[in-house]
Structure formats: structure tokens, C-alpha cells
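Undergrad: Predicted model and sequence follow; I will ask about them next.
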Amino acid sequence: MDVKNFDTRPEVLPIKKIVKETDTIKTFVFEYDLGSKPGQFVMLWIPDVDEKPFSIAYDGGGAEAGAREFWLTIAKVGPATEALFELKEGDLVGVRGPFGTSYEWKKGEHLALLAGGYGAAPLYGVARAAVADGCKVEFIVGARSADLLLYEERISELGSDVKYHAATDDGSKGHKGYNTEVLEEILARDDDDGAGPIDRVFACGPEVMMKKAAELARTKDLPSQLALERYMKCGFGVCGQCCVDDSGVCVCKEGTVFDGERALSFSEFGKYHRDSVGRKVEW
Amino acid sequence: MANLKMTYCGVEFENPTVLASGVLGVTAASLRRVVELGAGGVTTKSIWMEEHKGHKNPTMFGTKEYFLNAVGLSDAGIEKARGLFDEYSEGGRPGPLIASVVAGKVSEFEKIAGEIVKLKPDVIEINISCPNVEDEFGVPFACEAGLAGEVVKVVRGVVGGAGSGVPPVIVKLSPNTPAIGAIASACAEAGADGFCAINTVGPGMAIDLKLRKPVLTNRVGGLSGPAIKPIAVKCVNDVWKATGLPVIGTGGVMTGEDAIEMMMAGATLVGIGTMVYYRGAEGFGEIVREMNEWCDANGVKDLSEIVGVVK
């Protein structure tokens, strides 16, 4: 697919590898030079079934020398993903993209990453790239219980520049309670083991969680970036399915990663989204 | 700076560019934004009486030359449209709102038109030409003069005769007929005030070579984008010559010069949709600027001078 030359026909690829993360989450690995930036997404076509947007968990060098690969970590949530979970390594799917905006930081910054549920996957890609840029990362992941915490091992393999903080509803791992409480505590510290104060807050997960993250960042005068999720058809700003009130901008094109203040200015943010026929649905 | 204001079926537009039905248009905010970015007016996505699901993804993709889509007219129905009209009209409409309506049967066109007129659209556009939706006999209404005229007649009946307080009723025509002029004439006789020409071409099909399957889940989709402009220009000219009624010339317009070409063929307004894929919604403002530049360079003081100069 050559987006720059307006060619958005799907690129059909074999699934190179499937990794089981939890009972309902799998990571699909593709050998392909996607050329995405952290936080971007692709439209994944499951032939004869449907095509849906998924954020990219990682895009870069693979295990073999010279190989480029990208990963999609996907939860089984409906008919399309159920069909996807039936597929095996070697089966063909279509990919359009990468689309949308990405998380942006500066070299050497101290970043706080707040992930809710499978939001940990795209933020893993962010952390990996940020560490390569000399950044220090506080990686805060929240889930209902310890067995649902995603990417824990991969995050720990990123080295000493990334600190892992877990929060679980039932207290089976890390902080018992919301991950936003951990973020609040980290933002309250002036200095964190010599890493200095937080420069930026990134969030990916449920919208109410991201809203809280942006509001917490605001209290400290910190910039934040959030990835919004909306129903999409085209992925490139034409169909209008993902337009947010009351700005009217397309999440797929001007997002999905928005500046936190801009997201807070959307009248629908944290309140509602729209279904496949454009009807408002409360979160 | 030339005068770009146009009057279409008695409705005034700040400039001739109009967002075509089916692009953006799911929400009032997105329609308002298109006007803020420079469009003279906007058209809603086609509104059904009841919810209509549309087709499964993939529903669209583009190439440098063309764009193929099979959205299948997804819409939540008249109830959602009421909210959209309220939101778009809050504090005054930023530009004229054209309501596109669609139905699967003649009697249902009567129903949806009866409801939509209560929302006071500036123009009612009857969509009888989507190649992704067929009537009960398997052909779009717009490909058979008798059927097309019948739809216009029932809509006219429920909306009321042309006159003050009654929004103009226009017909969105299909290029997928050997005789678009004859279809337009039948609609004019049945009481249409104007036209929008053309809807997408085809339908067409694209096949993925690795999968050996059509790319679109619906197998086929309507063709739009740069490649269809010559067909659109020809159809607009046919409709204009056959009826003399105002036309929204739509199909393949990407630039100010494309828009000028459409107007020379007979268009009073210029419908723009797929351009958003190539230039973004910001393209509306750019096209208006390009039209202005063309007028200045060619000594045209008022755009209406060029409408239908090609006989």
C-alpha cells in the first residue's frame, strides 16, 4: 500500500506468528515494512468477514536479522475478531495503513504512560521507541486482575529506563485501585530517582480514564496526548463515521492521538461515541 | 475578485461548491466544519425512514485515478436526522443544507419526503441513483424513466407544488443509463425543480490477486474520483440541454478548473465529495480560491456568466 500516492488498496499478508496473551487476547505478527510511527493504526481486513481499525503495538526490527515486522494485539470482542481468532499462522489477511497521528516526544524526556487494559500494547511501542530516544518512562498499566495485565514481560525487557507500575481492581498485583491514582502519585513527586519531574503524559485506554489523565496533567501544567477510539470505515477522513462533536474533525485523520487539551475541548469527549449508523451511544 | 455567489432553484449560495452526499455528513458538526472550511453548502448523507445498516467493510479504497465505495447508504433513520437538523441549524445555518433522501419503494419515498419537509431543508435531493441499492426489480429508479418520474411525482405530491415556503425538489441522477437526458426530462415533467448529476459510476469491481477475491465485501462499488470527470461533464451537459433546469454538477471535481469546466457544461453549483480523499476537507477553500484566480485571469466578473456556455 502506497498511501502517499493515494493508493489505499489493502496489502494482503500472511500471518507470520500468533502469540496468545490471555484467553481473549492474541498478538498477530506480520513480516512487512509498515513504516508506522508509535500510536498509528491500520485497518485489518478479515476476508469475507469485515475490516476493523487496530492500533499498532510494535513496528520495527524482528528477531531475524534484516526482517521488519509489526504486531497487532487484539481482543476478541465481536464477530470480526471472533473470525480473526479462528485464523492460523500462514492465513492471509489485508492491511490498509498506517493511518492517523502518533505520540510525539522530545529526546531525553521523562514520560508517564498510562495504559488501561489492552492500551498497554500500543504504549509498549511508544515506550520502546522513546527509550531509544534517551527517554525515561513510567509505564502504568491497569487491569481488573493480575492475569489480565498485558505486556508485563515485554515491558520489563525494555531495561532500567522503563519502570513498570501495575494497578489492579482486586489488588492481585501492584496498587489496589485505579491506575489514575498511581499516575496522580507519580505526578505529585518532584523527583523520581534522579529522572526528574514528568515532562509529558500519554494515555491509551477507556475514555473516562484518558479524561482523568488529561485533567491530572492539566493540574501540573503538563502536556498530555490521548488516543481516541471511534467507529471507522475508511481510515482516511472521508466517510465521516468518526467525526467528533462539536469540532467535526475526523478521529482517524486528525487523531487518533490528540493533544489532551484539544480532546478535553470536544463536547462529546468522555460522554458518547457513535455506532455504525452514526447514532450517539453513551460510554 | 469575481462574484462567486450563485442562486440555485431560488436558494442563495455563497459560492458554487457543495459537499456531495455520502462524504463526511454523518454529524452536524462535520457539516458545519465543511462550510467553515469554504463550501457554499452541504448535503446530508442519504436519509432513510428507518435504520439502514449498509455493507460490511472493506467498503472503500482509493487509487491515484479513482475511488471505489460500497458503503451501502448506512443511516440511522429519520429520528437521527431530526437531531442533525437541530444541531446544524443552532444559531443559524452556516450555509444551505440539502437533505438527501432515499427509499427502496416508491411509497416509501412519499413517507420520507413527508417527514423531511417538516425539518425545513433548503433543498430536497431525491437519491434514486445509488448503484449499491436497487429497487424491487433490481435496477436503480434512475435507470428507468417511468420509475424515476413516478418517484418525483409522489414526492412532489407530499412536499407541495413549487412556490414560496416549499423547498425545491431535485433529483440525483445516475450516469449508468444510455439516456440520462430522457430520464431528466421525465423527472422534469413530473415536477422536479432541478438535478444533481451524477451519482457514482458503474458499479465497478476490484480483485485482490493474492486472495483471488473482490476487495470490497459487497463485491462491487460505485466509482468516483478523477477518472469519472469526463462522464460527469458529459452527463451534466446532457441534462442541462434536455431540461434547462439548474444542475449541481458532481463527479470527479478536484480543482477550481474542474469546477469551472462543470459550470461551462451547465452546472449552477458544483458537488464535491471524493476530493476530500485527495485534498482533505480544506480543499473546499482551496477550490474556491482557485475559481477566483481563474475568473481574475480570464476577465470573468460574475461566475454565472459561464454557466452552460457549452451548448
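TA: Yep, it's here.

Undergrad: For the rest of this, base every contact and every neighbour count on C-alpha atoms.
TA: Fine.

Undergrad: Contact residues of chain B facing chain A?
TA: Counting by C-alpha under 8 Å from any C-alpha of the partner chain, chain B comes close to chain A at B:22-33, B:51-53, B:56-64, B:74-76, B:80, B:208, B:210-211, B:215, B:217, B:274, B:276-278, B:280.

Undergrad: Please repeat the previous calculation with a cut-off of 7 Å.
TA: Counting by C-alpha under 7 Å from any C-alpha of the partner chain, the residues of chain B close to chain A are B:23-27, B:29-30, B:33, B:53, B:56-64, B:74-76, B:80, B:210, B:217, B:276-277.

Undergrad: filter those residues to the buried ones?
TA: Neighbour-count burial within the residues of chain B next to chain A applies to B:23-27, B:29-30, B:33, B:56-63, B:74-76, B:80, B:217, B:276-277; the criterion is 16 or more other C-alpha atoms under 10 Å in any protein chain shown.

Undergrad: Looking at these, which are in helices?
TA: Judged by DSSP state H, those include B:29, B:30, B:33, B:80, B:276, B:277 as members of helices.

Undergrad: got a list of what the last one touches?
TA: By C-alpha atoms under 7 Å, 6 or more residues apart in numbering or on different chains, the contact set of residue B:277 is A:237, A:238.

Undergrad: For it, give its distance to residue B:61.
TA: 10 Å (C-alpha to C-alpha, to the nearest Å).

Undergrad: Residue B:181: helix or strand, and which one exactly?
TA: If you go by DSSP states H and E, residue B:181 is part of helix B:180-189.

Undergrad: With adjacent residues omitted, what lies nearest to the residue of chain B most remote from its centre?
TA: For chain B, the largest distance from the centre (C-alpha atoms, centre = their mean) belongs to residue B:210, which lies 35.5 Å off. Spatially, and ignoring its direct neighbours in sequence, residue B:210 is nearest to residue A:12 (6.8 Å; C-alpha to C-alpha, 6 or more residues apart in numbering or on different chains).

Undergrad: Test my guess that the one you found contacts residue A:91.
TA: No. Assessed by C-alpha atoms under 7 Å, residue A:12 is found out of contact with residue A:91, at 10.0 Å.

Undergrad: show me what contacts residue A:62?
TA: A:68, A:69.

Undergrad: Can you tell me the SS state at residue B:196?
TA: Put simply, residue B:196 is strand when judged by DSSP: H, G, I helix; E, B strand; the rest coil.

Undergrad: I figured it hits residue B:173, correct?
TA: Yes. If you go by C-alpha under 7 Å, residue B:196 and residue B:173 touch, sitting 6.2 Å apart.

Undergrad: quick one, which of the two is more surrounded?
TA: For residue B:196 versus residue B:173, neighbours defined as other C-alpha atoms under 10 Å in any protein chain shown are more numerous around residue B:173 (31 against 26).

Undergrad: Quickly note the distance from that one to chain A.
TA: The spacing between residue B:173 and chain A, counted by C-alpha to the nearest C-alpha, to the nearest Å, is 21 Å.

Undergrad: My guess is that residue contacts residue B:197. True?
TA: Yes. Using C-alpha under 7 Å, residue B:173 makes contact with residue B:197 at a distance of 5.1 Å.

Undergrad: Can you report how many residues neighbour residue 35?
TA: All of this is about chain A. 13.

Undergrad: ah, no, chain B please
TA: 24.

Undergrad: looking at this, residue B:286 is in a helix?
TA: Yes. Counting by three-state DSSP, residue B:286 is part of a helix.

Undergrad: where's it relative to residue B:295, distance?
TA: Per C-alpha to C-alpha, residue B:286 is found 14 Å from residue B:295.

Undergrad: can you redo the ones in helices among the buried ones among the residues of chain B next to chain A as TSV with pLDDT?
TA: As requested, those are exported to TSV (pLDDT from 0 to 100):
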residue	pLDDT
B:29	97
B:30	97
B:33	98
B:80	95
B:276	98
B:277	98
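
Undergrad: Now the two most distant members of these.
TA: Using C-alpha to C-alpha, the two most remote members of those are B:80 and B:277, lying 25.8 Å apart.

Undergrad: per-residue pLDDT, the closest residue to residue B:306 other than its chain neighbours?
TA: Nearest residue to residue B:306, sequence neighbours excluded (C-alpha to C-alpha, 6+ apart): residue B:264, at 5.5 Å. Turning to residue B:264, the model gives it a pLDDT of 98.
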